[in-house]
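Participant: Predicted model follows, preceded by the sequence.
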Amino acid sequence: SMGKRAFFFSFLILASFVASLLEEVQAEDVQAEEKATNWIILPRVTTGVMQYQYEVGTAGSASAIQDEVRLDEYLPFMGLGITFASPRDKFFVSTYLQTTMTEDIDGQGTFAIRNATLDRQDGSLSMGLQNLVGNLSASIGYKYGNTRYDWNEEDINIGRIDKENDFITKGPFISVAYNWPISNKGVLGLRAAYAGLDGEITTHRIQTEKGEGDRQVVARNRQEQVFSKAGGFNVGVNWSGRFTKKLSYSISLEGSKYNFEPERGVFKDSLFSDSSHEILDLAPYEVKE
C-alpha cells in the first residue's frame, strides 16, 4: 500500500540521518576508535535506477488464470545499508535494504485496458573477510527480493477483474571482490556472486460482476501458489573515492540473471471448491528475472 511505502521511505530518511550522526561520532578519531574497540561503523545511502525484467507465461496452459506477463521497466530506487568492519581482524558484517518507487503501468489486457502497478523490494545480510590475498575479499550471505505486480481491468461483458501477483525470492549467496587502488584518486572494484534461490509466485485473482442495483458480486475467486528454484550470477563494477576524510562516494553498475524452474504448485478456486489442489502443468510457470 502507499501508506506502507511512504512509511518505508520515511524510515530510510530517518535512519540515514541517524547513521550520519553515528558516523560523526565514530569518525572523530579513527585511530583512537580502532585502538579502543577495533570496529568501524560505515553507514551508506544509495539511489539509482533499476532496469527490471520479468517474464512468466501461463497462456495456453491448464491454468484458469491465463495471463502471460512480460515486464521491462525502469524503476527508481533508494536503499540504506550499514557495515560493521574490524580492520585489524579483516572481518566485516553488512546489511542492506532497498525499495523502488511504485510505477504505474498501462497496457492492453485480456479483455480491456489494464491499469497496473509495479514495485520491488530487496534486502541482504552478509559477512566476510577483506584483503585475503592482496586486495581480494570474500563473503557469504542471504538475500531476499519481492516483486509486486498488481492490476485491474474492467469490461462491460465480464465485469471487473483484480489480480495481485507477488514473486518472492530468497536464498544464500557467495561473493568475491577485488579492488585496484588508482594512485590517490580512488579505487576500481570488480565483484561476482553466485546465489541459489527459492522462488514463490502467489497469484490472487478476483472476478466481480454487477448484480441487482449495481451490487458487486464475486463471481470467481482463485489463488495459485507455485514454488521454484534457480541458480544465477550477479556481476558488478564500481568506482569509489572520497569527498572528505569522513564522506566517501561510489558509482556502480551491476546486473543479475535468474531462471526459475517450478517444482510444485497448488491452487484454490471458488468455482470448484474451497479445497487445495495440485497444479499438474508447471511448465508455463518458469520465470526469467
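Facilitator: Good, I have the coordinates.
Participant: Without its sequence neighbours, what residue ends up closest to Thr100?
Facilitator: Of all residues not flanking Thr100 in the chain, Leu75 sits nearest, at 3.9 Å (C-beta to C-beta, 6 or more residues apart in numbering). From N, CA and C alone the C-beta is placed, and that goes for glycine too.
Participant: Check the burial of the one you found by counting its neighbours.
Facilitator: As a burial measure, Leu75 scores 19 neighbours (other C-beta atoms under 10 Å).
Participant: quick one: which helix or strand includes it?
Facilitator: Applying DSSP states H and E as the criterion places Leu75 in strand 69-86.
Participant: How far off centre is the helix or strand following that strand?
Facilitator: Where DSSP H and E defines the elements, the next helix or strand beyond strand 69-86 is strand 91-100. On the basis of C-alpha atoms, centre = their mean, to the nearest Å, strand 91-100 sits 12 Å off its chain's mean C-alpha point.
Participant: do the same with stretch 155-168
Facilitator: Worked out by C-alpha atoms, centre = their mean, stretch 155-168 lies 23 Å from the chain centre.
Participant: OK, contacts around Ala192?
Facilitator: By C-beta atoms under 8 Å, 6 or more residues apart in numbering, Ala192 lies in contact with 175-177, 233-236.
Participant: Provide the angle between the direction of the strand holding Leu75 and the direction of strand 91-100.
Facilitator: Computed by axes from the mean of the first three to the mean of the last three C-alpha atoms, to 10 degrees, the angle separating strand 69-86 from strand 91-100 equals 150 degrees.
Participant: and Glu153, bridged to which residues?
Facilitator: Ile161 (DSSP bridges).
Participant: Isn't Pro230 up against Glu261?
Facilitator: No, residue 230 isn't Pro; it's Ala. Yes: if you go by C-beta atoms under 8 Å, Ala230 and Glu261 touch, sitting 6.8 Å apart.
Participant: Between these two, which has more neighbouring residues?
Facilitator: Ala230 (20 against 14).
Participant: How much space separates that one from Tyr149?
Facilitator: 18 Å (C-beta to C-beta, to the nearest Å).
Participant: So which residues of this structure form helices?
Facilitator: Under the criterion DSSP state H, helices of the chain are mapped to 2-26, 30-36.
Participant: The lengthiest strand in the chain - contacts with which helices or strands?
Facilitator: Using DSSP state E, we find that the single longest strand of the chain is strand 216-242. Judged by 3 or more C-beta pairs under 8 Å, 6 or more residues apart in numbering; DSSP states H and E, strand 216-242 is in contact with strand 159-182, strand 186-210, strand 248-257, strand 259-269.
Participant: Out of those strands, flag the one nearest Ala116.
Facilitator: Closest of the helices and strands packed on strand 216-242 to Ala116 is strand 159-182, at 8.9 Å (criterion: C-beta to C-beta).
Participant: relative to strand 186-210, how tilted is the longest strand of the chain?
Facilitator: Using the same axes, to 10 degrees: strand 216-242 against strand 186-210 is 170 degrees.
Participant: what are the pairing partners of strand 216-242, and which direction each?
Facilitator: Strand 216-242 is paired, per DSSP bridges, with strand 186-210 (antiparallel), strand 248-257 (antiparallel), strand 259-269 (antiparallel).
Participant: What average pLDDT does that strand get?
Facilitator: Average pLDDT, strand 216-242: 90.
Participant: what's the answer for stretch 45-61, then?
Facilitator: 83.
Participant: Which residues does it contact?
Facilitator: 12, 16, 19, 65-81, 96, 98, 100, 118, 120, 147, 149, 167, 201, 281, 283-289.
Participant: Recalculate using a threshold of 6 Å.
Facilitator: 16, 66, 68-80, 281, 284, 287-289 (C-beta atoms under 6 Å, 6 or more residues apart in numbering).
Participant: Could you write me a ChimeraX select line covering just the buried ones among those residues?
Facilitator: Applied in ChimeraX, the following selects the buried portion of the contacts of stretch 45-61 according to 16 or more other C-beta atoms under 10 Å:
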select :16,69,71,75,77,78,79,80,284,287,289
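Participant: remind me which residues of the stretch 51-200 of the chain are low pLDDT?
Facilitator: Residues of the stretch 51-200 of the chain that meet the criterion pLDDT under 70 lie in 58-67, 107-112, 156, 158.
Participant: how about a cut-off of 50?
Facilitator: In the predicted model, the stretch 51-200 of the chain carries pLDDT under 50 at residues 60-61.
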